[in-house]
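Q: Show me how the following folds:
(2 chains)
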Amino acid sequence: MKFVDEFQNPMLVEGLLKDIKALAKRKVTFMEVCGTHTMALFRHGIRSMLPKFVNVISGPGCPVCVTPTNILDAAIEMARDESVTLATFGDMIKVPGSKSSLETEKALGSDIRVVYSSLDALGFAEKDTRKNVIFLSVGFETTSPGVACTVLEASRRGIRNFKLIVAHKLIPPAMRALLEAGEVNLDGFICPGHVSTIIGSEPYEFIPRKYGIPCVISGFEPIDILQSILLLLRQVDEGVSKVEIQYKRSVRPEGNLIAKRMVSEVFDVCDSDWRGLGRIPESGLKLNHRFMEYDALRDFKIELREVAEPAGCLCGEVLRGVKAPPECSLFGRKCTPSKPVGPCMVSSEGTCAAFYKYSRGSKE
Amino acid sequence: MCLGIPAKVISIEGSSADVEVGGAIRKVNIQLLSEVRVGEYVLLHAGFAIQKIDEKEAIETLKLLEELYEVR
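A: I've put the predicted structure just below:
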């Protein structure tokens, strides 16, 4: 068992599609809120297989895309300090801040490094104690436990020259904000599988309970996604709404208790600014009082300023599922992966970048 | 960014493990999991094993679909 190939079996895909077609009696719109789902939908050509009644749209599932410009501006300001090594995940370095990007600053001589893991950044700090190593930390619930574990390691090993800019976000509050805004009519959520390996199924329960909208926690292979769509269609057909787990091989209803404990040991939940969605109550994480000394923003006394979005950019609407990328006048013209204007074109998981790569010219 | 890659645990040493992903061996931190055993599969994310993969559940999911759609 490789847990990948087996879930791509074309004969099972065919069977699932037949059942989906039989159940799709009226127009339905399902939203996924995970960049990995965005990519999987395109890579496997799933939208083009679905009957025209079944519309799958992408929401705010890319952590790079929802990180506000002022966080990037703060990171750039810090990286210009000669005592600083700034480390972050790959996609972050290309995102334009209000005046520059980390990639540009790196070319100009700042010590900016791409890491695969927060532990790599901690390693830099341990190796060279003359440097202040700042980790620009973005990500959803999938990523925050590892970062929490890294902070606990730093504390245990007494590493003082390691700091973080924490821009972590929580997905269920963003789903609530989308529903409260009422801009899109949804018939179901394809819930993020890897976020759910950590948080389990309970945090989505308010969605069927309060809004009557079905939820299915889905894996990422074609069989997973199609089975999740079928489960959503069944709920719609039967007129019920509940949270179901399709991705049972990796998601337990209670999530990962150790990971959750570590996150709550290091972070407090706080209100947080999302690019395109604005401030959402209790939708972010910040270092709690015991780990304040690791807060780079406090250390550098940087206040986050409000920054206007680039003119004409529809990333906000795209992140809320209100507009599709081709509806933006910049898409594919002024805004391309090699010269992105908005964040959704920068990250490979951004909805605009995925559209550009896989479906330019087609109707998708 | 929430990519999680299935990986097989090859050996364990303290809080880290060597895992196999597509033929390559990588070192990952296993502090987010309790009792990881050699031979088990875990999901890999940003240097950490974030959850165990339940092989029985995977087989069950596939078996149900295979029976339903008469695929063998």
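Q: so does the helix or strand hosting B:Asp18 get close to chain A?
A: Taking DSSP states H and E as the definition, one finds B:Asp18 inside strand B:16-21. No. Residues of strand B:16-21 contacting chain A under CB under 8 Å from any CB of the partner chain: none, with a closest distance of 9.5 Å. Where C-beta positions appear, they are placed from N, C-alpha and C, glycine not excepted.
Q: So for that strand, mean pLDDT?
A: For strand B:16-21, mean pLDDT rounds to 96.
Q: pull the CA atoms of whatever helix or strand comes next after that strand into CSV?
A: Scanning forward in sequence from strand B:16-21 by DSSP H and E, the next helix or strand is strand B:24-29. Taking only C-alpha atoms (Å, rounded to 0.1, in the frame of the first residue of the first chain), the coordinates of strand B:24-29 have been written out as CSV:
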residue,chain,number,x,y,z
ALA,B,24,14.3,8.4,-0.6
ILE,B,25,15.1,8.4,3.1
ARG,B,26,14.3,11.5,5.1
LYS,B,27,14.7,12.4,8.8
VAL,B,28,11.5,13.7,10.4
ASN,B,29,10.5,14.8,13.9
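Q: Sheet partners, orientation included, of the biggest strand by length in chain B?
A: Taking DSSP state E as the criterion, chain B has its longest strand at strand B:5-13. If you go by DSSP bridges, strand B:5-13 pairs up with strand B:16-21 (antiparallel), strand B:41-45 (antiparallel).
Q: Buried residues, the strand holding B:Asp18. List them.
A: Neighbour-count burial for strand B:16-21, counted by 16 or more other CB atoms under 10 Å in any protein chain shown, picks out B:Ser16, B:Ala17, B:Asp18, B:Val19.
Q: what do you get for stretch A:29-43?
A: For stretch A:29-43, using 16+ other CB under 10 Å, the buried residues are A:30-42.
Q: what's the span of it from first residue to last?
A: 20 Å (CA to CA, to the nearest Å).
Q: Any regions of the stretch 101-250 of chain A where pLDDT drops low?
A: Within the stretch 101-250 of chain A, no range satisfies pLDDT under 70.
Q: Give me the angle between the longest strand of chain B and strand B:24-29.
A: Between the axes of strand B:5-13 and strand B:24-29, defined by axes from the mean of the first three to the mean of the last three CA atoms, to 10 degrees, the angle is 70 degrees.
Q: Extract the C-alpha set from strand B:5-13 and format it as PDB.
A: The C-alpha coordinates for strand B:5-13 follow below in PDB (Å, rounded to 0.1, in the frame of the first residue of the first chain):
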ATOM      1  CA  ILE B   5       3.000  13.100   2.100                       C
ATOM      2  CA  PRO B   6       2.600   9.400   3.100                       C
ATOM      3  CA  ALA B   7       5.900   8.000   4.400                       C
ATOM      4  CA  LYS B   8       7.000   4.600   5.900                       C
ATOM      5  CA  VAL B   9       8.900   4.600   9.200                       C
ATOM      6  CA  ILE B  10      12.200   2.800   8.700                       C
ATOM      7  CA  SER B  11      13.900   3.500  12.000                       C
ATOM      8  CA  ILE B  12      13.400   5.500  15.200                       C
ATOM      9  CA  GLU B  13      15.900   7.300  17.300                       C
END
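Q: distance between that strand and the chain's centre?
A: Offset of strand B:5-13 from its chain centre (CA atoms, centre = their mean, to the nearest Å): 7 Å.
Q: Which residues belonging to it are considered buried?
A: For strand B:5-13, by 16+ other CB under 10 Å, it's B:Pro6, B:Ala7, B:Lys8, B:Val9.
Q: Serialize those residues to CSV and add fields for pLDDT.
A: Shown next, in CSV, are these (pLDDT from 0 to 100):
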residue, pLDDT
B:Pro6, 95
B:Ala7, 96
B:Lys8, 96
B:Val9, 97
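Q: nearest to chain A, of those residues?
A: Chain A has its nearest neighbour among the buried residues of strand B:5-13 in B:Pro6, at 4.0 Å by CB to the nearest CB.
Q: sorry, back to before: would you point out the most distant pair within the buried residues of strand B:5-13?
A: B:Pro6 and B:Val9 (11.0 Å; CB to CB).
Q: if I look at those two, which residues touch both of them?
A: B:Tyr41, B:Val42 (CB atoms under 8 Å, 6 or more residues apart in numbering or on different chains).
Q: And the strands in chain A?
A: Using DSSP E, strands in chain A cover A:28-32, A:54-58, A:84-88, A:111-114, A:132-139, A:162-168, A:188-192, A:215-218, A:243-245, A:267-274, A:278-287.
Q: Neighbouring strands of the shortest one in the sheet, and parallel or not?
A: Okay, so that is strand A:243-245. Strand pairing (DSSP bridges) places strand A:243-245 next to strand A:215-218 (parallel).
Q: Not counting the partner strand itself, show me its contacts.
A: Contacting residues not belonging to strand A:215-218 are listed as A:32, A:37, A:188-193, A:196, A:201, A:204, A:207-208, A:224-225, A:227-228, A:231-232, A:235, A:241-247, A:251 [CB under 8 Å, 6+ apart].
Q: do that again at 7 Å, thanks
A: A:188-191, A:193, A:196, A:201, A:204, A:207-208, A:224-225, A:228, A:231-232, A:243-247, A:251 (CB atoms under 7 Å, 6 or more residues apart in numbering or on different chains).
Q: How about stretch A:21-31?
A: Taking CB under 7 Å, 6+ apart as the rule, stretch A:21-31 contacts A:51, A:53-57, A:59, A:185-190, A:229-230, A:232-234, A:236-237, A:321.
Q: Tell me which residue in the stretch 251-364 of chain A sits closest to chain B.
A: A:Ala259 (4.6 Å).
Q: Relative to B:Ile50, how far out is that residue?
A: 7 Å (CB to CB, to the nearest Å).
Q: For the two, list the residues in contact with both.
A: A:Pro145, A:Ile198, B:Leu32.
Q: doesn't A:Thr143 make contact with the second one?
A: In other words, A:Ile198. No. Checked against CB atoms under 7 Å, the pair A:Ile198 and A:Thr143 is beyond contact range at 9.2 Å.
Q: So which of the shared contacts of A:Ala259 and B:Ile50 are in helices?
A: A:Pro145, A:Ile198 (DSSP state H).
Q: picking up where we left off before, and the contacts of stretch A:21-31, which are buried?
A: For the contacts of stretch A:21-31, buried by 16+ other CB under 10 Å: A:54, A:56-57, A:59, A:186-190, A:229-230, A:232-234, A:236, A:321.
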